[in-house]
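[1] Sequence and predicted model, in that order:
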Amino acid sequence: MLKNDVVSYWIKESRDFGIAIKHRTIRISLDRREVSADQLTEVTRLLWEKQGQDVDELVTLFYLYER
């Protein structure tokens, strides 16, 4: 689990595809159910800085915590 000041999350899957244009899809599980749009934006920005610099497109899919 990764934790920052915004929200705790873990990466469920990271998948690269594409030949001419490189894409990466990252599936993210969040540790809580209620998350604001600003928090999701911040997590996406952090992921882009750490894992999105070598691809043309980065897609993040968020899964909310289920009880």
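    All right, it came through fine.
[2] show me what contacts residue 12?
    Contacts here follow C-beta atoms under 8 Å, 6 or more residues apart in numbering; on that basis residue 12 touches 27, 28, 29, 63. Any C-beta I mention is one placed from the backbone N, CA and C, and that applies to glycine too.
[3] And the buried ones among the residues you listed, selectable in PyMOL?
    Entered in PyMOL, the line below selects the buried ones among the contacts of residue 12, by 16 or more other C-beta atoms under 10 Å:
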select buried, resi 28+29
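[4] So what does residue 45 have for phi and psi?
    For residue 45, the backbone dihedrals are phi -60, psi -40 (criterion: degrees, to the nearest 10).
[5] mind checking how far it is from residue 19?
    In this structure, residue 45 and residue 19 are 27 Å apart, going by C-beta to C-beta, to the nearest Å.
[6] So between these two, which is more surrounded?
    Using other C-beta atoms under 10 Å as the criterion, residue 45 and residue 19 rank with residue 45 on top: 12 against 5.
[7] pLDDT at the more buried one, what is it?
    Note on residue 45: pLDDT of 90.
[8] quick one: which of the contacts of residue 12 is nearest to residue 36?
    Set against residue 36, the nearest of the contacts of residue 12 by C-beta to C-beta is residue 28 (15.1 Å).
[9] The closest one contacts residue 64, doesn't it?
    No: Residue 28 is beyond contact range of residue 64, at 10.0 Å (criterion: C-beta atoms under 8 Å).
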